[in-house]
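Novice: Sequence first, then the predicted structure, then my questions.
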Amino acid sequence: MNTNSGLLPASKEIRRWCSILEQELLQLSGVKMTHVFGTRAFYHRKVMFAMLPHKRTLEGSAVISFIRTENNSEPNWQTFELTGHNLDDAMVLLEQAYRLSVLRPFTGFRRLRASVYSAIKIGNRESMYAVR
């Protein structure tokens, strides 16, 4: 028996609910959306703050994921089960995740120390930057 419920096909109902949430998220300043493994990922600057099912679901039949902090700790991913009656609650959580992403600086690139620098060829140039 397969107990892995991730990346199952999304129902028409969940796609409709997520379409409503998507339209609201794209109204927020600086939000971009990309497709990731049959889901839709939402970014502010380069910080992903939410994932909604599109063609595939995440961890269950109607689950959305978003970043959240608890007790001033590091942000981690949380899930929320959607129903037709709690879309307002979902939007509140997604807006909180958006506000958290605004506060988090993008740290994807860092300057290499000279001691660990080795020429990384990019075309005809050398780079001293690496992606974390």
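Specialist: Perfect, I can see it now.

Novice: mind listing the helices for the chain?
Specialist: 12-25, 87-103 (DSSP state H).

Novice: contacting residues around the shortest one?
Specialist: Pointing back at helix 12-25 there. Here helix 12-25 makes contact (Cβ atoms under 8 Å, 6 or more residues apart in numbering) with 10, 31, 33, 40, 42, 50, 52-55, 57, 61-62, 64, 82, 84, 87, 90-91, 94, 98. Any C-beta I mention is one placed from the backbone N, CA and C, and that applies to glycine too.

Novice: per-residue confidence averaged over that helix?
Specialist: Helix 12-25 shows a mean pLDDT of 92.

Novice: mind listing what's buried in that helix?
Specialist: 14-15, 17-18, 21-22, 25 (16 or more other Cβ atoms under 10 Å).

Novice: With distance to residue 77 as added columns, please give these in TSV.
Specialist: As requested, these are arranged in TSV below (distance: Cβ to Cβ, whole Å):
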residue	distance to residue 77
14	19
15	21
17	20
18	17
21	17
22	18
25	16
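
Novice: what about the chain, any weak spots by pLDDT?
Specialist: 1-6, 60, 71-72, 104-132 (pLDDT under 70).

Novice: give me the number of residues near residue 52?
Specialist: 27 (other Cβ atoms under 10 Å).

Novice: heads up, I number from 52, so please use that
Specialist: Okay, using 52 as the starting number, the last item reads as residue 103.

Novice: didn't it look like it was pressed against residue 91?
Specialist: Yes: taking contacts as Cβ atoms under 8 Å, residue 103 lies within contact range of residue 91: 5.0 Å.

Novice: all strands for the chain, in order.
Specialist: 82-87, 90-95, 98-104, 114-119, 127-132, 160-162, 171-173, 176-178, 180-182 (DSSP state E).

Novice: May I see the ones you listed organised as CSV, with distance to residue 154 added?
Specialist: Shown next, in CSV, are those (distance: least, Cβ to Cβ, whole Å):
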stretch, distance to residue 154
strand 82-87, 15
strand 90-95, 10
strand 98-104, 9
strand 114-119, 11
strand 127-132, 15
strand 160-162, 19
strand 171-173, 31
strand 176-178, 29
strand 180-182, 22
